[in-house]
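Asker: Here's my sequence, what's the structure:
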Amino acid sequence: FFTSVLRRTVTLLTQLAKEMASHAALETQVNDATEAAKKYMAEKERLQEALTGKGNGKKKESTDATEEKLKEEVEHLKAELQKTSNAFHKAKTEVAAVKKQSEGLRREYDRLMKEFEQLQQSLNKAEDKKDL
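Answerer: Numbering: from 1, shown residues only. Just a heads-up that it's a prediction; the model follows:
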């Protein structure tokens, strides 16, 4: 009887420990989500103030600096897009050239195989004539 009570106690303690660990993990997730929500709400308010122009001079300067950085980033991304586009077109042209070359090689291979078959047949005919 004592061992069964002891097992049941150990089982319940193990379940309690698991639930406490799970609770701690959930609590951490809730805290992280709360922090993120507060951060996003503050960012939203800052952006709304920047859009409505209600911010003071310092915030306006900050907004102008942010806008300038964004413009620079847009220009950088446009240049990068142009480079990528040029590389894509170059690669596309190279692929077309390789396909054309491959088609030429295939035709030449087919021609050589036909010629080989003809030579093989003529050789077989010549050997047949010698055997007779």
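Asker: Could you measure from the residue nearest the centre of the chain over to Lys90?
Answerer: In the chain, the residue lying closest to the centroid (CA atoms, centre = their mean) is Thr84, at 16.2 Å. Using CB to CB, to the nearest Å, Thr84 is found at 11 Å from Lys90. In this view, the C-beta of every residue, glycine as well, is placed from N, C-alpha and C.
Asker: what does Ala79 give?
Answerer: Applying CB to CB, the value for Ala79 to Lys90 is 17 Å.
Asker: same question, Glu27
Answerer: Distance of Glu27 to Lys90, given as CB to CB: 55 Å.
Asker: where exactly do the helices run in this protein?
Answerer: For the chain, the helices defined by DSSP state H cover 2-52, 57-131.
Asker: quick one: the last one to helix 2-52, angle?
Answerer: What separates the directions of helix 57-131 and helix 2-52 is an angle of 110 degrees, with axes from the mean of the first three to the mean of the last three CA atoms, to 10 degrees.
Asker: And helix 57-131, what does it pack against?
Answerer: Here helix 57-131 touches helix 2-52, going by 3 or more CB pairs under 8 Å, 6 or more residues apart in numbering; DSSP states H and E.
Asker: same deal with the first one?
Answerer: For helix 2-52, the helices and strands in contact under the criterion 3+ CB pairs under 8 Å, 6+ apart are helix 57-131.
Asker: where's the helix it packs on relative to the chain centroid, distance-wise?
Answerer: Distance of helix 57-131 from its chain centroid, counting by CA atoms, centre = their mean, to the nearest Å, is 22 Å.
Asker: Lys92: how many residues sit nearby?
Answerer: Neighbour count for Lys92, taken as other CB atoms under 10 Å: 10.
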